[in-house]
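Asks: Kindly generate the corresponding structure for this input.
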Amino acid sequence: MLDPKDFNAAAYVAAVAPAVGLRLPAERQARVAAALELVVKIGVPALSCEVAEEIEPAPVFNPGVSRP
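Replies: Numbering: from 1, shown residues only. A predicted model of the protein is given here:
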């Protein structure tokens, strides 16, 4: 699993943006990297939680459809 302390968001954005065809000015790259750091900080602990196979996901909400 990714360690948020070792993740270099600025380097990742600088490498990936051109690879997907984005031309980001330095200021924008810094803002994207800051947002990505937050995503990693929040996401890694959430994704590290084990979920048993027998756990069922919540049903999808469909407005106007009633369920028994």
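Asks: list the contacts for the closest residue to residue 41 other than its chain neighbours?
Replies: With CB to CB, 6 or more residues apart in numbering as the criterion, residue 41 has its nearest non-adjacent residue at 5.1 Å, and that residue is residue 4. (Each C-beta comes from the backbone N, C-alpha and C, glycine too.) Residues in contact with residue 4, defined by CB atoms under 8 Å, 6 or more residues apart in numbering, are 37, 40-41, 44.
Asks: now do residue 32
Replies: Taking CB under 8 Å, 6+ apart, we find residue 32 in contact with 13, 17, 24.
Asks: check which helix or strand covers the residue most central in space within the chain.
Replies: A centroid search over the chain (CA atoms, centre = their mean) returns residue 39, at 4.8 Å, as the residue closest to the centre. Element membership for residue 39, per DSSP states H and E: helix 26-47.
Asks: Residue 44 is in contact with residue 1, correct?
Replies: Yes: counting by CB atoms under 8 Å, residue 1 does reach residue 44; the two are 6.3 Å apart.
Asks: Touching, residue 37 and residue 11? I think so.
Replies: No: using CB under 8 Å, residue 37 is not in contact with residue 11; the gap is 11.6 Å.
Asks: Same drill for the two, tell me which one is more crowded.
Replies: Taking other CB atoms under 10 Å, residue 37 and residue 11 do not tie; residue 37 has more neighbours (17 against 10).
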